[in-house]
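Trainee: can you look at this prediction? I've put the sequence above it.
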Amino acid sequence: MKKILVTGANGQLGKCIKDAAAGYPDLEFVFVSKEELDIEKAGSVAEYFRKNNFSHCINTAAYTKVEQAESEEEKAFAINAEAVKNLASTCNENDVVLLHVSTDYVFDGKKKTPYLETDPTNPINVYGASKLKGEHYIQKITEKHFILRTSWLYSQYGHNFLKTILKHAEAGKPLTITTEQTGTPTNANDLAKALLQIIAQDSKEYGVYHYSNGGETTWFGFAEEILKQSEKLKDANLAKTNHYRTFAARPEYSVLDNAKALNNLNIKQIDWQESLESVIKKTVINL
Ligand SMILES: NC(=O)C1=CN([C@@H]2O[C@H](COP(=O)(O)OP(=O)(O)OC[C@H]3O[C@@H](n4cnc5c(N)ncnc54)[C@H](OP(=O)(O)O)[C@@H]3O)[C@@H](O)[C@H]2O)C=CC1
Ligand SMILES: Cc1cn([C@H]2C[C@H](O)[C@@H](COP(=O)(O)OP(=O)(O)O[C@H]3O[C@@H](C)C(=O)[C@@H](O)[C@H]3O)O2)c(=O)[nH]c1=O
């Protein structure tokens, strides 16, 4: 029986994987939060792998605060690069397949058509640079890896753009949203299902893949659709801007071409607007 370790289990994607795991009774899962297994502690990770006979590890643990990363570079690299390096080594030593999640922010956004896995990377913020270094370590250390780059994750769990928009609308606060970036919102529940399908199918097509929902929009477009689908658009105070000030630079265009994943991994892709509907239905906002 396949035994799968899921790190960062209290995060947004970790929780979505826990929900999706219910659909795979033939797979055994061990979910560990940061408190239960800190991936920065190489000794604890090695010990944990020694005690368990894992076949796969899904690493969802990460430093994901894009703005804060600009002033916490060391912390971002410690988690997204150095801890990932140790995890990759431990997976390699124990013959465990590593499934790791990376980001569209490894690109500089200068392209005008969807990014391929083979396109040159050139991160323009600290978070993106730290994630890219993590990718490089994995590729160097262990052959048995799947690196799935995704974009603009949201779900019913954790802190994300969807929750921010709904909270603001619920509280009657004005929303001014940027049109300066184009990308693809991705339902973390869809990514969770894709990761589990790769494992269930016992895929050996290791490598780097792009996986997002289908289509593209701007953050303003995403906000507008969230408000439309939740029937809050009429009453919301929504405006667009083309110079929203932030600490971190973000790629102007970061749509990911999913063809390689769809062809090699036998996984499905849903358009972002369609997938959003299911999350809107289950998202509860507590003010
Ligand atoms: N969110 C997004 O929009 C996108 C995310 N990604 C990638 O997807 C993956 C999942 O992201 P998401 O679920 O949204 O992120 P979250 O921030 O919701 O979850 C990450 C989890 O990792 C935990 N964590 C942090 N440091 C450690 C550590 N040293 N050891 C163990 N756990 C740790 C965090 O705990 P705590 O909160 O207590 O620090 C948190 O629970 C990440 O790799 C991210 O880079 C890619 C593209 C888009
Ligand atoms: C809250 C807010 C943000 N914005 C802008 C800022 C930014 O350019 C854009 C998105 O803001 P956020 O800070 O929510 O998103 P950000 O943290 O940049 O999201 C990223 O997270 C990491 C983890 C990833 O890997 C990326 O794929 C991406 O999802 O919207 C507004 O224009 N108005 C607002 O009120």
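Mentor: Done, it's in. Numbering: from 1, shown residues only. Ligands and ions are numbered 1, 2, ... in the order given.

Trainee: quick one: the strands in the protein, in order.
Mentor: 3-7, 28-32, 56-59, 97-103, 145-150, 153-154, 175-178, 182-183, 186-187, 207-210, 217-218, 238-241 (DSSP state E).

Trainee: now render those strands as JSON lines, adding distance to Phe49.
Mentor: Yep, even glycine has a C-beta here, placed from its N, CA and C like the rest. Converted to JSON lines, the strands of the chain look like this (distance: least, C-beta to C-beta, whole Å):
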{"stretch": "strand 3-7", "distance to Phe49": "8"}
{"stretch": "strand 28-32", "distance to Phe49": "11"}
{"stretch": "strand 56-59", "distance to Phe49": "8"}
{"stretch": "strand 97-103", "distance to Phe49": "11"}
{"stretch": "strand 145-150", "distance to Phe49": "15"}
{"stretch": "strand 153-154", "distance to Phe49": "27"}
{"stretch": "strand 175-178", "distance to Phe49": "42"}
{"stretch": "strand 182-183", "distance to Phe49": "35"}
{"stretch": "strand 186-187", "distance to Phe49": "29"}
{"stretch": "strand 207-210", "distance to Phe49": "23"}
{"stretch": "strand 217-218", "distance to Phe49": "41"}
{"stretch": "strand 238-241", "distance to Phe49": "48"}
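
Trainee: list the contacts of Ser230.
Mentor: By C-beta atoms under 8 Å, 6 or more residues apart in numbering, the contact set of Ser230 is Leu166, Ala169, Ile280.

Trainee: circling back: for Leu116, find the nearest of the strands of the chain.
Mentor: For Leu116, the closest of the strands of the chain is strand 207-210, at 7.6 Å, according to C-beta to C-beta.

Trainee: for the closest one, buried residues please.
Mentor: Within strand 207-210, the residues scored as buried using 16 or more other C-beta atoms under 10 Å are Val208, Tyr209, His210.
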